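Chemist: Give me the fold of what follows.
(2 chains)
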Amino acid sequence: GEDVEQSLFLSVREGDSSVINCTYTDSSSTYLYWYKQEPGAGLQLLTYIFSNMDMKQDQRLTVLLNKKDKHLSLRIADTQTGDSAIYFCAESGDSGYALNFGKGTSLLVTP
Amino acid sequence: SAVISQKPSRDICQRGTSLTIQCQVDSQVTMMFWYRQQPGQSLTLIATANQGSEATYESGFVIDKFPISRPNLTFSTLTVSNMSPEDSSIYLCSAEAGGGGELFFGEGSRLTVL
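Modeler: Numbers count the residues shown, from 1 in each chain, chains lettered A, B, ... in the order given. Down below sits the predicted model:
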């Protein structure tokens, strides 16, 4: 399948902004997603962006998409300790549905 | 949004046995999927559960090992057959809801095979 790459680990201090980056290779991706997985839990859909958009903002979350470079980022403003989790980037390919996931970025927020 | 319930949430199974995982969605959905998340790994799509027809399996997954049912638009099951310790994983059900590309996941079923 197509590759989705993420950095594996990010540590930030509480109150700072976090930026999690993702690159993908499938240029036919229709949607790109960010999911959050807390320890022992399932995946929570945080946000997603349609491929013809370059930015989407939802409260503390900002998603930026650079389609030319196939680069997606998730910015979390005012990061809290409750934001500590694994964040998965995923892309839909041209099907629009079945997803191809990255390996996840483990975000640690320290007081 | 869609609420997706899976059961069992976790189980410990003996080698050679089979286990069926159930997935219930709180609304009618067209697309349902089953994923596997092996320990410390990302998610891998097993198959698309098609209502009224056979599931569509991804490379590396076969119907004999992972039979899937989809009797209606709100329910699906995944069976993990003849389990071995390598099948120890979290199995997640997913559904597309909302018509705008939103894909939701259940809480997962954590299987440990001894």
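
Chemist: Show the low-confidence segments of the chain, by residue range.
Modeler: With no chain named, the answer covers chain A. A:1-2, A:94-97 (pLDDT under 70).

Chemist: Chain B was what I was after
Modeler: For chain B (pLDDT under 70), the answer is B:98-100.

Chemist: okay, which residue is most central for it?
Modeler: Centroid check for chain B by C-alpha atoms, centre = their mean gives residue B:34 as the closest residue, at 3.4 Å.

Chemist: all strands of chain B, in order?
Modeler: Here chain B has its strands, by DSSP state E, at B:4-7, B:10-13, B:19-25, B:32-37, B:43-49, B:56-57, B:68-72, B:75-80, B:89-96, B:103-105, B:109-113.

Chemist: Run the chain-centre distance for the first one.
Modeler: Taking C-alpha atoms, centre = their mean, to the nearest Å, one finds the center of strand B:4-7 at 10 Å from the center of the full chain.

Chemist: how about residue A:109, what does it touch?
Modeler: A:11-14, A:18, A:79-84 (C-beta atoms under 8 Å, 6 or more residues apart in numbering or on different chains). C-beta coordinates here come from the backbone N, C-alpha and C atoms, glycine included.

Chemist: same thing but at 10 Å, please
Modeler: Residues in contact with residue A:109 (C-beta atoms under 10 Å, 6 or more residues apart in numbering or on different chains) are A:10-16, A:18, A:76, A:79-85.

Chemist: now swap in residue A:100 and tell me
Modeler: Counting by C-beta under 10 Å, 6+ apart, residue A:100 makes contact with A:1-4, A:24-26, A:29, A:89-93, B:42-45.

Chemist: Test of understanding: give the bridge partners of it.
Modeler: For residue A:100, the beta-bridge partners under DSSP bridges are residue A:91.

Chemist: Next one: it from residue A:8, what distance?
Modeler: To residue A:8, residue A:100 is 17 Å away according to C-beta to C-beta, to the nearest Å.

Chemist: before we move on, what about residue B:52?
Modeler: Going from residue B:52 to residue A:8 by C-beta to C-beta gives 41 Å.

Chemist: I'd say residue A:54 and residue A:73 touch.
Modeler: No: at 11.1 Å, residue A:54 does not count as touching residue A:73 under the criterion of C-beta atoms under 10 Å.

Chemist: Overlap of the contact sets of the two?
Modeler: Shared contacts of residue A:54 and residue A:73, counting by C-beta under 10 Å, 6+ apart, come down to A:63-66.

Chemist: Would you reformat these as a markdown table and include neighbour count?
Modeler: Formatted as a markdown table, those follow (neighbours: other C-beta atoms under 10 Å in any protein chain shown):
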| residue | neighbour count |
| --- | --- |
| A:63 | 22 |
| A:64 | 17 |
| A:65 | 21 |
| A:66 | 11 |
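
Chemist: Go through these and say which is closest to residue B:29.
Modeler: residue A:63 (24.1 Å; C-beta to C-beta).

Chemist: Check which strands are paired with the helix or strand containing the closest one and give the direction for each one.
Modeler: In this assignment (DSSP states H and E), residue A:63 forms part of strand A:61-66. Here strand A:61-66 has these sheet partners by DSSP bridges: strand A:55-58 (antiparallel), strand A:71-76 (antiparallel).
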